[in-house]
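K.L.:
When you get a sec, could you give me coordinates for this:
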Amino acid sequence: MRRFLLHLVVLLAFTAYSMIPTWQLGYWGFLDVALAGGWSTQVFLDLVIALTLLSTALGPDARKTGTPLWPYVLLIPFLGSIAPLAHIVHREWRRMRSA
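P.N.:
You can find the predicted model right below:
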């Protein structure tokens, strides 16, 4: 229960925070920062690599727990870290219900 609540709080807080710049700058506003060069581009590319690695690492866990993975992987390009966080919350919720 504690892990579920922790993951849920992180998901909700990060989603709420992410809505602020999306509302202020628009959905594509992140591209201005990502293409600015230097550290901005490096951080963006690092995020893309990390999310790609995470999506492949979640596969075995999803098969083991019976949690669907593809809806969340398909949402990663549109929602970033929110999608894998939602998958983790879904996985924890299923674990709680089965216990």
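
K.L.:
show me where the protein has helices.
P.N.:
Along the chain, the stretches classed as helices by DSSP state H are 2-25, 30-34, 39-65, 70-79, 82-98.

K.L.:
Pipe those helices into a markdown table and attach mean neighbour count and mean pLDDT per row.
P.N.:
(Each C-beta comes from the backbone N, C-alpha and C, glycine too.) Shown next, in a markdown table, are those (neighbours: other Cβ atoms under 10 Å; pLDDT from 0 to 100):
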| stretch | mean neighbour count | mean pLDDT |
| --- | --- | --- |
| helix 2-25 | 12 | 96 |
| helix 30-34 | 14 | 90 |
| helix 39-65 | 13 | 94 |
| helix 70-79 | 14 | 95 |
| helix 82-98 | 17 | 94 |
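
K.L.:
Spatially central, which residue of this structure would that be?
P.N.:
Central residue of the chain (Cα atoms, centre = their mean): Ser81, 2.1 Å from the mean position.

K.L.:
State the distance from that one to Leu69.
P.N.:
15 Å (Cβ to Cβ, to the nearest Å).

K.L.:
right, and the residue nearest to the centre of the chain touches Ser55 too?
P.N.:
No: taking contacts as Cβ atoms under 8 Å, Ser81 lies outside contact range of Ser55: 10.9 Å.

K.L.:
what pLDDT does Met1 get?
P.N.:
Predicted confidence (pLDDT) for Met1: 88.

K.L.:
surely it meets Arg97?
P.N.:
No: at 11.4 Å, Met1 does not count as touching Arg97 under the criterion of Cβ under 8 Å.

K.L.:
so what sits against both of those two?
P.N.:
Residues touching both Met1 and Arg97 (Cβ atoms under 8 Å, 6 or more residues apart in numbering): none.

K.L.:
coming back round to it: gap between the residue nearest to the centre of the chain and Arg95?
P.N.:
In terms of Cβ to Cβ, Ser81 sits 21 Å off from Arg95.

K.L.:
likewise Ile49?
P.N.:
As judged by Cβ to Cβ, Ile49 and Arg95 stand 29 Å apart.

K.L.:
Check Leu12 too.
P.N.:
Here the distance between Leu12 and Arg95 works out to 19 Å (Cβ to Cβ).
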